[in-house]
Each structure stands twice: as C-alpha cells, then as structure tokens.
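# This is the structure alone, sequence omitted:
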C-alpha cells in the first residue's frame, strides 16, 4: 500500500513522515519524493511464525511517500508538480497544523486548511473531467463513460468529493489512469502540540472530515518522531506519558485499513509465513493473483483454514480430522485471517 503524505508549509508533514517511518529526514528539505517502508505489525503472523519456524517471515508493508510541496511561510497552496505527484498515490494523508509555530503568521486554522486543500483538489479534478467531457463529445465516446464523467462533474460542481459516490453508481473501472484526487481515500492527521496529544479531534473538524468521506487521527508528530526512534521496549512508557495507548503508526495503520477496507490473508509453510493485503470482499481467485498471476490464471481451488480455527486445532491434519477443513471455489470471499493454499494448473 502506497500512501502519500501531503500538507501545506509548516504543517509538520515531514515530521509526521519521520514519526511513521522512524527515519530522520531533515525538515524543509525540498526535492524529490522521499519513501519509507514500514511493516504492518500482526500478532497472527508472529504466532504462525513461531509454529512453522519458516526460513522467512514477511509482513504486509505500507510505503509512506513524503511529497514535497511549496516551502516558505508565504506559500499556502500546492504546486502543479505536487498535485501531479499526489495522483500517483493509492491513498492520501493530509497533515493539518494545529500547533503554534513562530515562523508562521497567525494562529493555526486546520479547518480552513482542510477546506483549502479540498478546494484545490476539486478544481484540479474538475479540469480533468471537463476536458474529458469536451473530448468525448467530439469523439462520440462510450455513453456509459460519458455518463460517469457527467456525474462526477455534477458532484465536483457541488464541491463534493468523488470518493463519496458509491461504486455501483460510478463504475470506477472506467476511471483508471485519470488519477482523480478527490477519489483517493483520504486520512487526515491533525498535528497538535505535545500537551494535546491525547485529546480527541475537535467536533467541527471531525464533522467536516466525515462529510468528506474521510477518516482522521490526532498526533503530536514532533515528540512521536522522537519516540519512534527509540527501541520498541522503551516506547510504551513514553507514549503513556503523552496520554496515548499506542504509537502514531499503529493508530495510522488501523485507521488506514478501516478507511480502505483492507484485510490480510496468510500463506504458511517451512519456507515462508507471509501476510497478503487485499480489499474486503475479494474472491479467492483474485486473492490468488496477489501471490502470483499464474495462481490466478490456473486457479483450481482454495484450501482454507481460518486463523482462529488453525490456532484452536493446532495443525492442518487436526483440522481435517475435525471436519473443519474448507475447500472453496473461485468465488469464495476471502476473510481477514484466512490461511490459504491455492491449487492451480498452468
């Protein structure tokens, strides 16, 4: 999963990047996108690895992309280059400043910054949608595609994000390649001072984020970046002092998985225990394709052991003996925690 961190100057975006990745990227360093991959902690993978003692244990990963923006206190918007770089991300995390910064004029106003970011994304999407409609009318394009773009135009002109349109209404398979910003899943990170790290999201901001079909979390990036660089065994006590139960990364992962409707299935054996990330509702054949395209192409069946069942009985043979072993076809919907073995022939 690839998540782009975006934000206006002074928001603490790069500090959030450091808090999530444990890296030490200098703040204010311009240039190209900076990448940081982190593994997704999963106690189930830990337990399966202890049982199978594999040569490799591979966790799911999130890649954070720190997208450079405009720099300097006078810079408030996002450059065209930044907007284009945002289009390449699977999901977006908008960092909003809600802490005092002597280098910036005025008090922080995260709600106004959210509105400004949303407005820029709406205008950028509207430009693409109108251009496609103009070209489509001249070319007599697919009526279904044109209907989808007309729907998006109406949505954007009402200052609503495209992500609010349900899949069955929009048919997003027609939109691949357009990189529409307001159709990206959006997670808002409110960056507060250390003394407010344990506080909830302010109600007006929470309501607006919900109206935009987005999710949110509160963090104090500066101190959490310092904590992220500590040994894991030392982090819990420092987080408790902040009044938070878990790290910004753990909270971010939970929020992102919920927002994007992601689940994990597992493959196990003496060579490798591995987590694979898919969208909730993915069928077995498509899940097999996450492992390798040959498994999807030559799919025969999926042998399924839910994690809880496996842990209860302790082995595949015990599960078979208990009559709990599942053999499923291509349309079987994979659930979070399913252990899969794919039978295929190519």
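Right, received. Where do you want to start? Model, not experiment: these values are computed from the prediction. Numbers count the residues shown, from 1 in each chain.
# Could you list the low-confidence segments of this structure?
Residue ranges of the chain with pLDDT under 70: 28-31, 69-79.
# Could you list the domains of it?
With domains defined by automatic domain parsing, the chain comprises 2-110+172-259, 281-344.
# show me what contacts the spatially most central residue of the chain?
The geometric centre of the chain, computed from its C-alpha atoms, lies nearest to residue 256 (C-alpha atoms, centre = their mean), at 4.5 Å. Counting by C-beta atoms under 8 Å, 6 or more residues apart in numbering, residue 256 makes contact with 1, 3, 62, 91, 185, 187, 215, 262. The way it works is simple: take the backbone N, C-alpha and C, and place the C-beta from them, glycine included.
# circling back to that earlier point, turn the domains of the chain into CSV, columns for distance to residue 137.
Below are the domains of the chain laid out as CSV (distance: least, C-beta to C-beta, whole Å):
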stretch, distance to residue 137
domain 2-110+172-259, 16
domain 281-344, 35
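# picking that back up, now the contacts of residue 256 as JSON lines including distance to residue 170?
As requested, the contacts of residue 256 are exported to JSON lines (distance: C-beta to C-beta, whole Å):
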{"residue": "1", "distance to residue 170": "22"}
{"residue": "3", "distance to residue 170": "22"}
{"residue": "62", "distance to residue 170": "26"}
{"residue": "91", "distance to residue 170": "18"}
{"residue": "185", "distance to residue 170": "14"}
{"residue": "187", "distance to residue 170": "21"}
{"residue": "215", "distance to residue 170": "20"}
{"residue": "262", "distance to residue 170": "20"}
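# thinking again about what came up before, roughly how far apart are the residue nearest to the centre of the chain and residue 3?
7 Å (C-beta to C-beta, to the nearest Å).
# anything in contact with each of those two?
Both residue 256 and residue 3 are contacted by 62, 91, 187, under the criterion C-beta under 8 Å, 6+ apart.
# Residue 116: which of those residues is nearest?
residue 187 (17.5 Å; C-beta to C-beta).
# I'd like the distance between the closest residue to residue 260 other than its chain neighbours and residue 209.
Excluding its sequence neighbours, the residue lying closest to residue 260 (C-beta to C-beta, 6 or more residues apart in numbering) is residue 185, at 5.2 Å. Residue 185 sits 12 Å away from residue 209, taking C-beta to C-beta as the criterion.
# Please apply the same query to residue 324.
Distance from residue 324 to residue 209, by C-beta to C-beta: 42 Å.
# Mind jotting down where the helices sit in the stretch 151-300 of the chain?
Applying DSSP state H, counting those that start in this stretch to the stretch 151-300 of the chain gives helices spanning 167-170, 203-211, 221-228, 232-242, 248-260, 284-291, 293-297.
# residues touching residue 319, list them.
Residue 319 neighbours (C-beta under 8 Å, 6+ apart): 305, 309, 310, 313, 325.
# Next: residue 274.
Per C-beta under 8 Å, 6+ apart, neighbours of residue 274: 45, 56, 57, 58, 266, 267, 268.
# what about residue 185 and residue 209, which has more around it?
It is residue 209, of residue 185 and residue 209, that has more neighbours when counted by other C-beta atoms under 10 Å, with 22 against 18.
# Could you report the neighbour count for the closest residue to the more buried one other than its chain neighbours?
Excluding the flanking residues, the one nearest residue 209 by C-beta to C-beta, 6+ apart is residue 216, at 4.8 Å. Neighbour count of residue 216, defined by other C-beta under 10 Å: 22.
# contacting residues for residue 216?
187, 188, 189, 190, 201, 205, 206, 209, 255.
# Please tabulate the residues you listed in a markdown table, including the columns distance to residue 86.
Putting the contacts of residue 216 into a markdown table (distance: C-beta to C-beta, whole Å) gives the following:
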| residue | distance to residue 86 |
| --- | --- |
| 187 | 13 |
| 188 | 14 |
| 189 | 15 |
| 190 | 19 |
| 201 | 23 |
| 205 | 21 |
| 206 | 23 |
| 209 | 18 |
| 255 | 19 |
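# Would you mind listing the two of the residues you listed that lie farthest apart?
Comparing every pair within the contacts of residue 216 by C-beta to C-beta identifies 205 and 255 as the most remote, at 15.0 Å.
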